[in-house]
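Asks: show me how the following folds:
(one chain, ligands or ions: 1)
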Amino acid sequence: MVSRVIPVEPFDLVIFGGTGDLARRKILPALFRRFCAGQMGPEARVIGAARSEMDTAAYRDFARSAILEFDDDTVCAEENLSGFLEQLHYVTLDARGETGWDALSALMVEGRIRAFYFSVGPGLFGDLAERLHSYGMADAESRIVVEKPFGRDLASARALNQGLAQHFDETQIYRIDHYLGKETVQNLMAIRFGNMLFEPLWNAQYVDHIQITVAEARGVGSRGGYYDKSGALRDMVQNHMMQLLCLIAMEPPAKFDPDAVRDEKLKVIRALDPVGADDVVRGQYEGTKERPGYRNQVENRDTHTESFVALRAHIGNWRWSGTPFYLRTGKRLKARASEIAVVLKEAPHSIFGTQAGHHANILTIRLQPNEGIELGVTIKEPGPGGMRLVDVPLDMTFAEALGPDTADFPDAYERLIMDVVRGDQTLFMRGDEVEAAWRWTDPIIEGWQNSSVAPILYASGSSGPDDALMLMHRDGRRWREIRA
Ligand code: NAD
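Replies: Model (predicted):
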């Protein structure tokens, strides 16, 4: 099966922070892959804009080495790289001053789709919006893309929203959460709303609980300075995991359109009960002989910032009343593995007797590695010996089911940037969603700030603190193994 690529209209994409790490590792390689796929046509232009003094030729060199480093498709690079680089431009510009803005404005072509990617810290969002407006670049056709972190609490997120809203309508603002751009995450919606099989079971009557795990094997590395101001709850739960929870829990939207989908997600966030102190565990990884512990990788050796968090959430509505959602995320865990597991209840009565054991169907949505969906079903173990039951996976790994061409589906940034150009906000967070998510996480953070209790230490390479295991054990449940 060959996937269809529909070219987008010609566009100008300005990357503020075009020389930064995100541009180098994600944005430029993603654009290049869309160019190779024939989706970004020859008239499109990408304009890097950042403080570094360089000209367009130097920026093309910068982009060339970024693409060669972060894109492993050498055939595509050999055939297309020079063509792509010709569509790149650069302007030296200061977001906080007047340098470079006239030059940028002079580059703009009337009547074209314009996207401004704010690949800079959130402290510059307001300045950029203000100058885009004052230099006449904020017209009805322009869109802005903003990265996480979108604030560090409700008050700062509100201030960011208000700053952007002064010059841009909500329909022009694309708040990126790259988890929503993942193929499997969108498949979650297809599985739920495109099939009759799952939706009738998708409620507290049949679902025992849901587990969402985002585990990283790496520690904070050289990003300790940034991470220590954030922590796992802000960095992962408030945004990525909250979005996953919403897609699992939301009611079917009337249409697959931006506001219909986001209205339903918002209702889920607003229905979340406050998290009690007993329902949340935070941890910090210890060092090993070879690798330093969390506290040795950040400036403040007494830091209480969590590198791990596990929590039990409840959604106070008819569909989910009584079904807990367990979330955990952390660094330096056993493996790099992210998944959502929808664990159904056991059959109410086993006709096979107690020897048949306990069996529950589990729908697993794997985000990494090996994106795919797996449904665990119980069957008879083949062969003689009576009715012995065994659980086997019905594996819906896309590459196997749909053919090798589909294994090469676009990565999240590719899809999301093309959605910006197409003007489709479905997979982007709306301002009220972000604020509602902070409204839910703020009290957890405040509770920690008002407490003198330090995070629990956990061994590098483990599944996190034992207390996180207890969070489920005391409910008679257990976490799934963290496996790569
Ligand atoms: P970075 O520090 O590597 O790059 C920052 C960029 O902003 C540079 O190009 C720099 O020249 C430019 N810049 C800084 N001050 C400027 C000013 N006054 N005027 C014009 N340009 C200015 O940062 P990054 O890692 O690329 O991250 C950018 C944003 O994306 C941050 O908000 C970060 O939190 C977010 N983010 C990054 C990643 C990632 O993987 N790097 C992932 C998710 C989100």
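
Asks: hang on, Asp475 is in a strand, isn't it?
Replies: No - using DSSP: H, G, I helix; E, B strand; the rest coil, the assignment for Asp475 is coil, not a strand.

Asks: how many residues are close by it?
Replies: Neighbour count of Asp475, defined by other CB atoms under 10 Å: 13. The C-beta positions use only the backbone N, C-alpha and C, and glycine is treated the same way.

Asks: run a quick neighbour tally on the residue nearest to it when sequence neighbours are not counted.
Replies: Distances taken as CB to CB, 6 or more residues apart in numbering put Pro324 closest to Asp475, at 6.8 Å, once the chain neighbours are dropped. Other residues near Pro324 come to 22 when the count uses other CB under 10 Å.

Asks: contacting residues for Pro324?
Replies: With contact taken as CB atoms under 8 Å, 6 or more residues apart in numbering, Pro324 is in contact with His209, Ile210, Arg312, Ala313, His314, Asp475.

Asks: got it, and Phe150?
Replies: Pro122, Ala157, Leu160, Arg175, Asn239, Met429, Val434.

Asks: so which of these comes closest to the ligand?
Replies: Pro122 (5.9 Å; CB to the nearest ligand atom).

Asks: my guess is the closest one meets Ala159, correct?
Replies: No - Pro122 lies out of contact with Ala159 (CB atoms under 8 Å); the separation is 9.6 Å.

Asks: thinking again about what came up before, from Phe256, how far off is the residue nearest to Asp475?
Replies: To Phe256, Pro324 is 28 Å away according to CB to CB, to the nearest Å.

Asks: sorry, back to before: could the contacts of Phe150 go into a markdown table alongside neighbour count?
Replies: Formatted as a markdown table, the contacts of Phe150 follow (neighbours: other CB atoms under 10 Å):
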| residue | neighbour count |
| --- | --- |
| Pro122 | 19 |
| Ala157 | 24 |
| Leu160 | 23 |
| Arg175 | 23 |
| Asn239 | 25 |
| Met429 | 25 |
| Val434 | 26 |
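
Asks: now, among those residues, which is nearest to Gly372?
Replies: Asn239 (23.3 Å; CB to CB).

Asks: who's in contact with the closest one?
Replies: Lys148, Pro149, Phe150, Asp177, Tyr179, Met429, Val434, Ala437.

Asks: which SS state does it fall under?
Replies: Assignment for Asn239 (three-state DSSP): helix.

Asks: now what about the one helix or strand Ala129 maps to, what contacts it?
Replies: According to DSSP states H and E, Ala129 maps onto helix 125-134. Residues outside helix 125-134 that contact it (CB under 8 Å, 6+ apart) are 16, 95-96, 101, 116, 118, 120, 138, 142, 144, 146, 160, 163-164, 166-168.

Asks: now the buried members of those.
Replies: Among the contacts of helix 125-134, those classed as buried by 16 or more other CB atoms under 10 Å are 16, 95, 101, 116, 118, 120, 138, 142, 144, 146, 160, 163-164, 167-168.

Asks: intersect the residues you listed with the contacts of the ligand.
Replies: Ala95, Val120 (CB under 6 Å from any ligand atom).

Asks: for Val343, give me its contacts.
Replies: Contacts of Val343 (CB under 8 Å, 6+ apart): Val207, Asp208, His209, Ile210, Gln211, Ala360, Ile362, Arg477.

Asks: in the sheet, who's paired with the closest residue to the last one other than its chain neighbours?
Replies: Once its chain neighbours are removed from consideration, Arg477 has its nearest residue in His209; the separation is 6.0 Å (CB to CB, 6+ apart). In this structure, His209 bridges to Val343 when assessed by DSSP bridges.

Asks: circling back: now flag whichever of the contacts of Asn239 is closest to Leu333.
Replies: Closest to Leu333, out of all of these and judged by CB to CB, is Tyr179, at 17.9 Å.

Asks: what's the closest non-adjacent residue to that closest one?
Replies: Counting by CB to CB, 6+ apart, the residue nearest Tyr179 is His240, at 4.3 Å.

Asks: what's the answer for Leu266, then?
Replies: Glu433 (5.2 Å).

Asks: can you give me how far the stretch of helix or strand Ala468 belongs to is from the chain middle?
Replies: Using DSSP H and E, Ala468 sits in helix 466-473. Here helix 466-473 is found 25 Å from its chain centre; the criterion is CA atoms, centre = their mean, to the nearest Å.

Asks: list the contacts of the residue nearest to Leu266.
Replies: Per CB under 8 Å, 6+ apart, neighbours of Glu433: Cys246, Arg262, Lys265, Leu266, Ile269.

Asks: give me the residues contacting the helix or strand just after the helix holding Ala129.
Replies: Note on helix 125-134: by DSSP H and E, the next helix or strand toward the C-terminus is strand 142-146. Contacts to strand 142-146, defined as CB under 8 Å, 6+ apart, come from residues 113-118, 122, 125, 128-129, 132, 160, 164, 168, 172-176, 417, 420, 423.

Asks: for strand 142-146, which strands pair with it and how are they oriented?
Replies: strand 113-118 (parallel), strand 173-175 (parallel).

Asks: got the contact list for the residue of the stretch 201-350 of the chain found nearest the ligand?
Replies: Closest to the ligand within the stretch 201-350 of the chain is Tyr226: 7.1 Å, counting by CB to the nearest ligand atom. With contact set as CB under 8 Å, 6+ apart, Tyr226 has no partners.

Asks: again with Arg114
Replies: Contacts of Arg114 by CB under 8 Å, 6+ apart are Phe11, Asp12, Val14, Met108, Met137, Asp139, Glu141, Ser142, Arg143.

Asks: which ones are touching the nearest residue to Phe428 once chain neighbours are set aside?
Replies: What sits nearest to Phe428 in space, not counting adjacent residues and going by CB to CB, 6+ apart, is Tyr174, at 4.5 Å. If you count contacts by CB under 8 Å, 6+ apart, Tyr174 has them with Arg143, Ile144, Val145, Val146, Leu416, Asp419, Val420, Gln425, Phe428.

Asks: closest one to the ligand out of those, please.
Replies: Val146 (8.5 Å).

Asks: show me the beta-bridge partners of that closest one.
Replies: Phe118, Arg175.

Asks: where does the residue nearest the centre of the chain land in three-state SS?
Replies: The centroid of the chain falls nearest to Tyr179 when counting by CA atoms, centre = their mean (2.5 Å). At Tyr179 the chain is in helix, as set by three-state DSSP.

Asks: pretty sure it contacts Gln186?
Replies: No - if you go by CB under 8 Å, Tyr179 and Gln186 don't touch, sitting 10.4 Å apart.

Asks: still on that earlier bit, filter the contacts of Pro324 to the buried ones?
Replies: Listed as buried from the contacts of Pro324 are His209, Ile210, Arg312, Ala313, His314; burial here means 16+ other CB under 10 Å.

Asks: any chance of those in JSON lines, plus pLDDT and distance to Leu394?
Replies: Compiled in JSON lines, the buried ones among the contacts of Pro324 are given as follows (pLDDT from 0 to 100; distance: CB to CB, whole Å):
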{"residue": "His209", "pLDDT": "98", "distance to Leu394": "21"}
{"residue": "Ile210", "pLDDT": "98", "distance to Leu394": "19"}
{"residue": "Arg312", "pLDDT": "98", "distance to Leu394": "29"}
{"residue": "Ala313", "pLDDT": "98", "distance to Leu394": "28"}
{"residue": "His314", "pLDDT": "98", "distance to Leu394": "30"}
